[in-house]
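> Just the structure for this:
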Amino acid sequence: MSLAPHSFAVCAMVRETVDVLDVFARSYAQSGAARIVLYYDGSETEAAPVEAAAPGGALALEEKQEHVFRHALERNREDWLLLCDSDEILQRGHLLGAALAALPEDVPGIRLRNTEAVWGTGHDIEPAFSSTYERHPFPWGKRRSALVAMLVYGRLWRQMRRGTAGHKLGKQLIRRGRTPDTVTNHFAIFDGVKTTFLDAYLEGPDLPYFRHYDAVSFARWSEKWRVWHSADTHAIRMSDARLEQMTVIRAGLGTEAARQAIRRYNQVGPWQRGVLSLLKLLDRIESSESNPPAPAPR
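As a prediction, this is how the structure comes out:
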């Protein structure tokens, strides 16, 4: 007897344009989300009254995220709450409810793996969500990953040693009624144990996953890095690879060097496509795929 699919709500802390949020919301509605809750991470002026009341004053990004996630968890009425960012689009979402129903009842939370959306050489980087390939994070240990990064990305290998410009930690869902000891943007800890990936419990080639648009478009990528470089966002757990990228990108923002940087980190050339495809770490995003859906006409 098959189990009834579990329901899930979506929670994201966002600072995005309306057109990007429109695609995000419609994509999760299409994936079967029963409810989509967005917390707006506004300007410093807008956030000042809240931060003034917080212990220690202004909150770092990760502290804001934990406050938001706990607030949403307390109010969630669906079977699960999915925590993600507005540049992360669920793939095979129609299979998620059944996968969640198949998990043992004592599993308090689960993580889904992620790929990273990129462009091919010569492809248009201006439209939002227009990436043409998705690359998979390196699945190996540090030594082998470093060797492959050297082969594929040359002098950028230290910044690309995970196989992605962004993260490879996936994103998570937490079961209703379970309160984590720690909750971050990527995982939670229950009774001292970190949540693990869905494929530790279920097998198959068609498990749901996230496609991370580390660069939604050139304009949104530029704004994201401008905010990272300003006082508007303060992160306390940024990886060494990300900090190295920041140093390079900071020097080029607002100039032609910025376009060179996004192509360097978020585009795959012929050599990279060949090697990554051979290693089964790169897939073409077909134009017929409908998630994310096309932006609504204005």
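> ok, what's across the strand from the closest residue to residue 164 other than its chain neighbours?
Closest residue in space to residue 164, ignoring its immediate chain neighbours: residue 116 at 4.2 Å, by C-beta to C-beta, 6 or more residues apart in numbering. Glycine gets a C-beta too; all of them are placed from N, C-alpha and C. Per DSSP bridges, the residues bridged to residue 116 are residue 135, residue 212.
> doesn't residue 133 make contact with residue 116?
No: judged on C-beta atoms under 8 Å, residue 116 makes no contact with residue 133 at a distance of 9.2 Å.
> Which neighbours do those two have in common?
Listed contacts common to residue 116 and residue 133 are nil; contacts here mean C-beta atoms under 8 Å, 6 or more residues apart in numbering.
> which of these two has more neighbours?
Taking neighbours as other C-beta atoms under 10 Å, residue 116 and residue 133 compare with residue 116 leading, 25 against 21.
> per-residue pLDDT, that one?
pLDDT recorded at residue 116 is 97.
> Pull the contacting residues for it.
Counting by C-beta under 8 Å, 6+ apart, residue 116 has contacts 134, 135, 137, 164, 165, 166, 211, 212, 214.
> Adding distance to residue 267, neighbour count and pLDDT, write those out as JSON lines.
Formatted as JSON lines, the contacts of residue 116 follow (distance: C-beta to C-beta, whole Å; neighbours: other C-beta atoms under 10 Å; pLDDT from 0 to 100):
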{"residue": "134", "distance to residue 267": "13", "neighbour count": "21", "pLDDT": "97"}
{"residue": "135", "distance to residue 267": "11", "neighbour count": "24", "pLDDT": "97"}
{"residue": "137", "distance to residue 267": "17", "neighbour count": "20", "pLDDT": "96"}
{"residue": "164", "distance to residue 267": "13", "neighbour count": "23", "pLDDT": "93"}
{"residue": "165", "distance to residue 267": "10", "neighbour count": "22", "pLDDT": "91"}
{"residue": "166", "distance to residue 267": "14", "neighbour count": "23", "pLDDT": "89"}
{"residue": "211", "distance to residue 267": "16", "neighbour count": "21", "pLDDT": "97"}
{"residue": "212", "distance to residue 267": "15", "neighbour count": "24", "pLDDT": "96"}
{"residue": "214", "distance to residue 267": "11", "neighbour count": "20", "pLDDT": "92"}
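> Strands of the protein, start to end?
Listed in chain order, the strands of the chain (DSSP state E) span 8-14, 35-40, 80-84, 88-91, 109-112, 114-120, 133-135, 171-175, 182-183, 188-190, 193-194, 209-212, 267-268, 282-284.
> For the second one, list the C-alpha coordinates in PDB.
Once non-C-alpha atoms are left out, strand 35-40 reads as follows in PDB (Å, rounded to 0.1, in the frame of the first residue of the first chain):
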ATOM      1  CA  ARG A  35       2.400  27.400   1.400                       C
ATOM      2  CA  ILE A  36       5.300  29.800   0.500                       C
ATOM      3  CA  VAL A  37       6.500  32.200   3.200                       C
ATOM      4  CA  LEU A  38       9.000  35.000   2.400                       C
ATOM      5  CA  TYR A  39      10.800  37.000   5.000                       C
ATOM      6  CA  TYR A  40      12.100  40.300   3.500                       C
END
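> Quick one: list the elements packing against that strand.
strand 8-14, helix 18-30, helix 61-75 (3 or more C-beta pairs under 8 Å, 6 or more residues apart in numbering; DSSP states H and E).
> Give me the buried positions along it.
35, 36, 37, 38, 39 (16 or more other C-beta atoms under 10 Å).
> which ones are touching the second one?
What that stands for is residue 36. Contacts of residue 36 were listed using C-beta under 8 Å, 6+ apart, and they are 9, 10, 12, 25, 28, 29.
> What about the residue nearest to residue 185 when sequence neighbours are not counted, how many residues nearby?
Using C-beta to C-beta, 6+ apart and skipping residues adjacent in sequence, the residue nearest residue 185 is residue 65, 5.1 Å away. Around residue 65 there are 23 other residues, counting by other C-beta under 10 Å.
> ok, residue 65 touching residue 188?
No: using C-beta under 8 Å, residue 65 and residue 188 do not qualify as a contacting pair, with a distance of 11.7 Å.
> how far away is residue 109 from residue 115?
To residue 115, residue 109 is 21 Å away according to C-beta to C-beta, to the nearest Å.
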